[in-house]
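S.K.: For reference, the sequence and a predicted model appear below.
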Amino acid sequence: MTPTRAPRYARHRFPAEVISHAVWLYFRFPLSLRMVEEMLAARGIEVSYETVRQWALKFGQGFANQIRRRLPATGDKWHLDEVLITIAGRKHWLWRAVDQHGLVLDILVQSRRNAKAAKRLLRKLLKKQGIAPRVMITDKLASYGAAKREIMPGVEHRKHRGLNNRAENSHQPIRRRERIMKRFKSAGQAQRFLSVHDQVANLFRRPANTNAADHRTAQAWAIMTWKNITGAAAGFWGRNKNCFQTHAKLERTANRRFRPVDSCSSCQGLRQPQEAESIDLRFAGHVEGEGMGMSINNAVSIHRPDSIAVAPFGWMLGKPYPPEAGATAYRSTATAFWQEHLFDPGLDGEVEVLWVTYNDASQAIDRLEVHHLTEQAVVPLIGEIIQVVALSDGEGAPDLATVRAFHLSPGVGTCMHAGVWHATRTIGPEATCLMLTRRSTTVELIGHLANAHPARETSLRDIQQIHMTR
């Protein structure tokens, strides 16, 4: 197996597993660049701290943008606060907004603490969030009230220092990082670093008042999402009975370069902790080997969908009212409607509504399909279906260790990320579904299936046969 080579890592000597892990360490924990260098060296990877810095600059913001798009909807209560930071001997103000759950909405580094600066923060928040809050909570700084009256006059504004502890506490991780980094070097550097740092913290944030089982589920989803975003195969995150060298296959040599190796018997410490093997993202049997030549127990269980189970692959559609906090919604005695998801057909794509009839009721799956540019939403209207999904590995092939099968009843569907492999089966002779997809993807797929024309937006891949079980 060759090291992972996603397009964004082209011309890099190190594979995606190393780069994504280094970036994750730097932004997730209060570590300096030299600390990250030492932690990688402990795993036999010789990388300079300057290389880690360049990786953080090049890939960090792109990862943060992907995280922002995949996080659940934010709350409808905004806590705003500002804190003094000293940069190169000059006073600057770090303006921050968080919701009632502690999720960081946005940050802005400015040299002023006045109404103009507060207006800039509110405009940026409205542009990013796309919706005004129900309540805005601040301390007694008068600049907030002046900015609110002009930008969001209809929003309730509560001014009390004791109510704003949520925003005050969110500054603490930044203070720790500031000490480790021996202060920020410039306002631009602080803005770039914190924009990425806060999104990574949002992804791995532990929700309040959760038990251990819920925490492990949320942690598993966060790790799976990070893997999917960064394009890393199992790598440092591990697969059952596999470790970093199995996937990256790197070994330090006398000339301080790396070359492929055949085994990884010396890296026992790099394997995934035993607790993570209980994550229900695997086949019902044991998986061994690599790539498409693995030996599988050929069975995957069928489950009813829920938001957490579907999250690594996309979004669950058809959840009951009320919607998530912050979603556009209306309810009366006659009707109720609410925002489920903002569909993304990809760059320059046109959204197309398809009427699809499925009539394959077999319980065996031997081929999967993937759309590279667009999301795809499927909602059964008449009849029930089984939606089989799998993530892509670092080389773009189906990662069979992540296969799941969801039983979708009429009115309950899924919207899959671009890059998610899938197949559909019916429960009964026939099922009619509503589908959202990209117009050019549909035209190209029809040409490929009917006339064997080349396809670039879609791929079809034969796999070792999988049997679905109840």
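M.R.: It's in. Residues are numbered from 1 along each chain as shown.
S.K.: Any regions of this structure where pLDDT drops low?
M.R.: 1-6, 232-297, 324-326, 394 (pLDDT under 70).
S.K.: Following the record's annotation, map out the domains of it.
M.R.: If you go by automatic domain parsing, the domain ranges for the chain are 7-70+212-278, 77-171, 291-469.
S.K.: would you list every one of the helices in the stretch 51-200 of the chain?
M.R.: 115-129, 142-151, 165-170, 172-180, 187-203 (DSSP state H, counting those that start in this stretch).
S.K.: ranking these by burial, who's on top?
M.R.: Each of the helices of the stretch 51-200 of the chain was scored by mean neighbour count; the highest is helix 187-203, a mean of 20, by mean count of other Cβ atoms under 10 Å. To be clear about C-beta, it is placed using only N, CA and C from the backbone, and glycine gets the same treatment.
S.K.: any idea of the angle it forms with helix 172-180?
M.R.: 130 degrees (axes from the mean of the first three to the mean of the last three Cα atoms, to 10 degrees).
S.K.: other SSEs contacting helix 187-203?
M.R.: Packing partners of helix 187-203 (3 or more Cβ pairs under 8 Å, 6 or more residues apart in numbering; DSSP states H and E): helix 16-28, helix 49-70, strand 77-87, strand 90-99, strand 104-110, helix 172-180, helix 212-230.
S.K.: so what does the first one touch, helix or strand wise?
M.R.: Helices and strands touching helix 16-28, as assessed by 3+ Cβ pairs under 8 Å, 6+ apart, comprise helix 33-41, helix 49-70, helix 187-203, helix 212-230, helix 244-248.
S.K.: Could you work out which of those helices reaches nearest to Ser392?
M.R.: Nearest to Ser392, of all the helices and strands packed on helix 16-28, is helix 212-230, at 7.8 Å by Cβ to Cβ.
S.K.: residues of that closest one that come out buried?
M.R.: Buried residues in helix 212-230, counting neighbours by 16 or more other Cβ atoms under 10 Å, are found at 217-218, 220-230.
S.K.: Kindly reformat these as CSV and extend each row with distance to Phe14.
M.R.: Formatted as CSV, the buried residues of helix 212-230 follow (distance: Cβ to Cβ, whole Å):
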residue, distance to Phe14
Thr217, 31
Ala218, 29
Ala220, 26
Trp221, 27
Ala222, 23
Ile223, 20
Met224, 22
Thr225, 22
Trp226, 17
Lys227, 17
Asn228, 20
Ile229, 18
Thr230, 13
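S.K.: and of those, the nearest to Pro454?
M.R.: Asn228 (26.7 Å).
S.K.: which ones are touching Pro398?
M.R.: By Cβ atoms under 8 Å, 6 or more residues apart in numbering, the contact list for Pro398 reads Leu368, Val370, Ala390, Leu391, Ser392, Trp421, Arg461, Ile463.
S.K.: Switch the residues you listed over to TSV; also include secondary structure, neighbour count and distance to Lys116.
M.R.: TSV is the format used below for the contacts of Pro398 (DSSP: H, G, I helix; E, B strand; the rest coil; neighbours: other Cβ atoms under 10 Å; distance: Cβ to Cβ, whole Å):
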residue	secondary structure	neighbour count	distance to Lys116
Leu368	strand	22	54
Val370	strand	21	48
Ala390	strand	27	50
Leu391	coil	21	46
Ser392	strand	22	46
Trp421	strand	28	50
Arg461	strand	13	55
Ile463	strand	18	58
